[in-house]
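1. Pasting the sequence and the predicted coordinates here, then a few questions.
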Amino acid sequence: QVQLVESGGGLVQAGGSLRLSCAASGRTFSSHAVGWFRQAPGKEREFVAAITWSGNIYYSGSVKGRFTISRDDANNMVYLQMNSLKPEDTAVYYCADQRYSGSVYNTENKSWGQGTQVTVSS
C-alpha cells in the first residue's frame, strides 16, 4: 500500500498563495488517479482536485481557476498550487491515491495521507 505524506500547509492572509506537496512511498503513483480533498471543522471531507494517470484533470467549482494540481511521476510527487486564497479555503488538506478506476469525486477506495492544515485569515 502506498504511504502518502503531505506538506506545505500554513497560515496565509486572504489573497495569498500556498503550494502543497504530497510525497508517495511504498509504491509509485502509478494508479488511476491522485488528488486532493479537504475537511473543515464540522464538515465532511470534500473533493478539491484530481489528476488521472492519463492526464485528465478535475477541479471542484469552488477552486477552479485558483488552484492547480500537477504530478511529477519521476519523483512520486503531487502538488497543489493554491492562489487567491479565501478564508473559506481553511481546512485540513489530504492527499488521496486512487488505485483503480471509479469516481475521483468521492472518498471511497482511496488511500490517504495524514493531512496538512491550511488557514487563511481575513
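-> Sure, I can see it.

2. where does this structure dip in pLDDT?
-> 29-30 (pLDDT under 70).

3. ranges for the strands of it?
-> Here the chain has its strands, by DSSP state E, at 3-7, 10-13, 18-25, 33-39, 46-52, 57-59, 67-72, 77-82, 91-98, 111-112, 116-121.

4. right, and residue 120 touches residue 91 too?
-> No - using C-beta atoms under 8 Å, residue 120 is not in contact with residue 91, being 9.3 Å away. Quick note: C-beta positions are derived from backbone N, CA and C, even for glycine.

5. Can you tell me which residue is spatially central in the chain?
-> residue 36 (2.0 Å; C-alpha atoms, centre = their mean).

6. Excluding chain neighbours, give the residue nearest to that one in space.
-> residue 48 (4.3 Å; C-beta to C-beta, 6 or more residues apart in numbering).

7. so that neighbour sits right up against residue 63, yeah?
-> Yes - between residue 48 and residue 63 there is a contact at 5.8 Å, judged by C-beta under 8 Å.

8. quick one: residue 55 and residue 101, what's the gap?
-> Noted for residue 55: a distance of 15 Å to residue 101, by C-beta to C-beta, to the nearest Å.

9. actually residue 9, sorry about that
-> Distance, residue 9 to residue 101, using C-beta to C-beta: 30 Å.

10. more crowded one of these two?
-> residue 9 (19 against 12; other C-beta atoms under 10 Å).

11. I'd assumed residue 20 was in contact with the more buried one.
-> Yes - with contact defined as C-beta under 8 Å, residue 9 counts as touching residue 20 (6.5 Å).

12. Quickly list what's touching both of those two.
-> Counting by C-beta atoms under 8 Å, 6 or more residues apart in numbering, the contacts common to residue 9 and residue 20 are 93, 116, 118.

13. ok, the residues you listed vs residue 77, which is closest?
-> residue 116 (14.1 Å; C-beta to C-beta).

14. what's the closest non-adjacent residue to the closest one?
-> Once flanking residues are discounted, residue 116 sits nearest to residue 9: 3.4 Å by C-beta to C-beta, 6+ apart.

15. From residue 43, how far off is residue 81?
-> 23 Å.
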